[in-house]
Each structure stands twice: as structure tokens, then as C-alpha cells.
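Student: A predicted structure for the sequence below; I have some questions about it.
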Amino acid sequence: STSTTLHHHFGVDFKKTVEMAVELCVGLGAASCEELFRFDTDVKVFGYEHDLGGIVQKVEKTRSTQFTTTWSYQTSADPWTAGAMSDVFVVPNLNVMYREVYVVDWVNETCAVEQTADGELPVTTTINLEDVENQPALAFYSRYHMQYVKLPELERSVGNINNIMNDCDCTNNAEKECMLKGGENKGCDELGEQVTYLRSARDEWRENLMMNDDFKENSIVNWFEEVGPKLMTDENDLNINDHSSAITPQTLLLGAEEIENQPKKRNDDTNLEEVKRIQFSGGGSTFSMMLSKEKVWDKVGLSCWDGCNADYENTIEGPGLDDLKGTVKGIGVVTDIKLFTVKTHVTHESTAESMDTESTSIGFTLGDNEPGDEFVVDLYYDEKFGTIIFDTFAGRSKCPHEAGTAAIEDPRLVITSYPPQHVFPDEDMVFEVEMSNLGVGDESQFVLYAQHRDNEGSLKLLLDGAPFGGSREFTNVLKDTTYKKTLVVQRGPRLFQYTPLDLVME
């Protein structure tokens, strides 16, 4: 910013002046005098000053450049992957392209395709670490995906390459070239190196996926004291150790009233701010909590934009009356008149400011859509990653059943009567089945269906006399009550022997 200030100044001063002097004279007629002492004093009688002016020029300029990068990772809200299976791992890695080739070799002696011991086609895995398609990547994988997709892939690749090395007799000749069934040649040493990499990746993932039980001392109420400083800290940080991370807001805690004759553990002096356990019900309501920490670095320094910083003042005085004195017998008036004085004050200030902001937020939402569900959850934090750990301690839940809770819906399906061992072609197969609910819910809803995916011969099914081609829904299935059903299976138009069909109740 640059500003110029101009002021016109006018003033009048009236002063009373007194002059006193003592002289010593010697002689007659013509005398010789010598001043012994002299005393002059001025006393202000009246003064007037007038200053007129202000800012006559001002320029302010601002330049701002802002860059923002936000990373956000959110776990799945799918009830089928709730809990630990929705944990997400963000891992930098080298994305290596590989190829699985199913080998089809015809064996003339057996007049059949060569198969492995378990009846599958042989598979070779080809990996080329130098391939131009291999690039560094950031993996964003859930625990479910790692456990049920990626780890089996690694295991399968290790097994495939080991099979190749065994067929090539790499144990006795490490420098041997192996002819892969996919048409490529690989040395035993290169194949062994690939197995080492794959095993290392497999073992690392196994270790990180392993559930540890040593978190029970890490209560969520200590998150800011224990986790916050570890997430963002250096020698210049200001640590806040008294910020609440209780699962209840302070406004509710202050208004809590203790009732009489409430149950209490002996010698228990726990206050509400230390509670780490929460109970919540289903039906669509949710409980959310967000823990955030932010730090800001703000630096302001001098700059030389449109010139470096400056601050100066100029004064111009015009004609005036300076010390007009008139005395009578040593007493008089001194007048000082300033008719024209101009002051110019110029200020130029230029600064540069830089600001860096870093924040970390960890939040969670607890909720369930099913009325009648109830959960009791203890909240901890993971010491390694700083994220929240949910330990479901008790409760009740419908399908999908939450681990650690009692099942509201626990279907039981039992075949109580079978047809004879030998059934003639024109006879029906009659089964008697019993359905019941072993869950804790008073009543539930279930679906009964036959897996027609394997019905290759067009079997016909009847349930209680009605066609049973798809599924049958049963509502208001009461707790600890048995329901008997009759299932009839009729032969198809062509076959006399059929693949078994699965009967499922869920």
C-alpha cells in the first residue's frame, strides 16, 4: 500500500515579555556604565494553531495465490462389509502386470486333456518386472479386497511359479532355462527372484491384516493426548492436551442429573468424560463423531513490490512573522505568526505473507436401519494408524448378523422325512421339512428357495402342493415355533438321475 498525506498549518502565538537589567555607572557628566546582569522572560498569553489536510493519495494492491490439495478416504457404508472388513489400506507400491495362462495339453495315451491333481487345468503365471507397463501406484484397498481377492492371487501366483520350477528341476540346476508352457523362456534364478518378491508381499500383507487385541488400553477419550501429537508434530508445534474427545458433548455432560438409587459398581468413581462405551438402537438414527486437528504456519515479511518499504516527511514553510517584539520599560509582547506551512508525509509498505495449513480429521458414524437392532460398542484407537477401533461387545442384530451380537434371525431348516432309497421313474420324491427361528427376535421373515442353477434335467418342485420354481417368502415366523412343509420333487422329461439341488432358507 502507498499513501500520501498533505497538511496546511497556520498558527499565532502571543507572549508577554519582561526584560530586567542592572547597570553600574561611574563618573560625573560623562559616565562609564557596565551591565551587571540581565534577565529576560517570555510568558505565553494566547496561542492558536490550525491544521488542515489529510490523505490526498492512497493506493492499495493485493495479490493472492492459493493452492489446496485435499485427500479424503472413506470406508464403505455397506452393511455386508461393516466393521473391520471396510478398513482401508493406502499403500504406495509398484504395480506389476502379470499374465495367467491356462495350459491345455492333449495326452494321447489317456485320450484326455492333462489336468492337475485336483482336476483343474494347469496354470502358468508370467511376470516381467521390466515391462514398460509397470508403474508406481498408490493402492487404495479395503481389508475385504485384500483378504479375499489379492492374497489368494499372491498365493496362486507363488504356487504356479513353484510348479514351473519343480517341472524344470530348478532345485538341482539353478542356472537352467525353463520353457514355459505359454511359449516363453525364463531362467530358474529369475523365477526364484519372482517367488521371493511374491512371498515377501504376501507375508507383509498377512502381518498387517492380522487382528491385534492389544488396543484395549487405548480409550478414545485419550485421542488428542496420544494420537493427535503423533499425527502432526515438530519442535515448533503447540500441543493441546486438555481438549475433550468424550463421546458426549460438554453441554450434555454439564446438564446431567444423577438419579437416586442408581446401580453402581463398588469403588467406581468414573466420570462421564471417561466413558468409552456407547449403546445405540436401529431404526435409521445415527451417531456421528469427528476428531480433527489443524495447525497453521503464517509468515509475514517485507517485500519490494512497486518499490521497497519507505516512510518519509517533507515540510515547507512560507513567509510569516517571527518574533515581533515590542517593549515599554522592559515589558511588552512577542508575536509569532506562521502563515503558511505545508507538510507532506509519504508511506509505502509492501509485505509478503505465506500460510501453510495442515489438518487431519477422523470421523465415524454409527447407525443401523433395522428396527429392533441394538448394539453395545466400545471405542478405542489404533496406536499405529490413529484410526478408530470398534469393539462390538453385545447387542442384537438382524441379517446380516453383526459379529459380537445375538442373532435376531437364526433360521433352522431340517429334513425330517425322506423318500425311499429306491424311487421308481413314475413316482414322486416326497420330503418333509421343518422350519423354525432360533434367534432372539419374537418374529422374523425368511425366504426359502431351491438352487435351480444346478437343475439341468428340468426337475419339477412342489411346496405344499403349489409350484416351487423360484422362492417362497414366509413372514411372521415366530420364535421357537416349528413349521412343517412338504416338498415334492418330480422327474423331468428325459433323465432318470439328477445332480442334487440345494434347499436354502435365509
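Tutor: Arrived safely.

Student: mind checking which helix or strand F224 is in?
Tutor: If you go by DSSP states H and E, F224 is part of helix 223-226.

Student: what does G372 give?
Tutor: Applying DSSP H and E as the criterion places G372 outside every helix and strand.

Student: count of residues packed around it?
Tutor: Residue crowding around G372 was assessed by other C-beta atoms under 10 Å; the count is 16. Backbone N, C-alpha and C define where each C-beta goes, glycine included.

Student: can you check N476 too?
Tutor: The number of residues packed near N476 is 9, by other C-beta under 10 Å.

Student: ok now do it, which residues does it touch?
Tutor: N476 makes contacts with E443, Q445, as judged by C-beta atoms under 8 Å, 6 or more residues apart in numbering.

Student: pLDDT below threshold where in the stretch 251-400 of the chain?
Tutor: 253, 261-273, 319-335, 337-339 (pLDDT under 70).

Student: go again using 80 as the cut-off
Tutor: For the stretch 251-400 of the chain, residues meeting the criterion pLDDT under 80 lie at 251-275, 291, 293-295, 316-341, 358, 360, 382-387, 400.

Student: strands along that one, start to end?
Tutor: Ranges of strands in the stretch 251-400 of the chain, per DSSP state E, counting those that start in this stretch, are 277-281, 286-302, 310-317, 321-328, 331-348, 351-367, 374-381, 388-397.

Student: which outside residues touch the second one?
Tutor: By that I understand strand 286-302. Contact with strand 286-302 is made by 223-224, 228, 231-232, 237-238, 245, 247, 278, 280, 308-309, 350-367, as judged by C-beta under 8 Å, 6+ apart.

Student: which of these are buried, as a PyMOL select command?
Tutor: Remark: buried members of those, expressed as a PyMOL selection using 16 or more other C-beta atoms under 10 Å:
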select buried, resi 223+224+228+245+247+278+280+350+362+366+367
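
Student: if we can go back for a sec, what's the average pLDDT for the helix holding F224?
Tutor: The average pLDDT for helix 223-226 rounds to 69.

Student: and what of stretch 171-179?
Tutor: On average, stretch 171-179 scores 80.

Student: so which bits of stretch 153-171 are buried?
Tutor: L154, S157, V158, N160, I161, N162, I164, M165, C168, C170.

Student: and it, C-alpha only, in PDB?
Tutor: Output of stretch 153-171 as PDB, limited to C-alpha atoms (Å, rounded to 0.1, in the frame of the first residue of the first chain):
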ATOM      1  CA  GLU A 153      -3.900 -64.000  -6.100                       C
ATOM      2  CA  LEU A 154      -0.500 -63.900  -4.500                       C
ATOM      3  CA  GLU A 155      -0.800 -67.400  -3.100                       C
ATOM      4  CA  ARG A 156      -1.900 -68.700  -6.500                       C
ATOM      5  CA  SER A 157       1.000 -67.000  -8.300                       C
ATOM      6  CA  VAL A 158       3.500 -68.400  -5.900                       C
ATOM      7  CA  GLY A 159       2.100 -71.900  -6.400                       C
ATOM      8  CA  ASN A 160       2.100 -71.600 -10.200                       C
ATOM      9  CA  ILE A 161       5.700 -70.400 -10.400                       C
ATOM     10  CA  ASN A 162       6.800 -73.100  -7.900                       C
ATOM     11  CA  ASN A 163       5.200 -75.700 -10.100                       C
ATOM     12  CA  ILE A 164       7.100 -74.400 -13.100                       C
ATOM     13  CA  MET A 165      10.400 -74.600 -11.100                       C
ATOM     14  CA  ASN A 166       9.700 -78.100 -10.000                       C
ATOM     15  CA  ASP A 167       8.900 -79.300 -13.500                       C
ATOM     16  CA  CYS A 168      12.100 -77.600 -14.700                       C
ATOM     17  CA  ASP A 169      14.100 -79.300 -11.900                       C
ATOM     18  CA  CYS A 170      15.500 -75.900 -10.800                       C
ATOM     19  CA  THR A 171      16.500 -77.300  -7.400                       C
END
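
Student: can I take it that A139 is in a strand?
Tutor: Yes: read with DSSP: H, G, I helix; E, B strand; the rest coil, A139 is one of the residues of a strand.

Student: I'd like to know how many residues surround the residue lying closest to it once chain neighbours are set aside.
Tutor: Leaving aside its chain neighbours, A139 sits nearest to V91 (4.5 Å; criterion: C-beta to C-beta, 6 or more residues apart in numbering). Counted with other C-beta under 10 Å, the neighbours of V91 add up to 13.

Student: now do the contacts for V91.
Tutor: L138, A139, Y141.

Student: how about 10 Å then?
Tutor: V91 makes contact with A137, L138, A139, F140, Y141, M146, E204, W205, N208, according to C-beta atoms under 10 Å, 6 or more residues apart in numbering.
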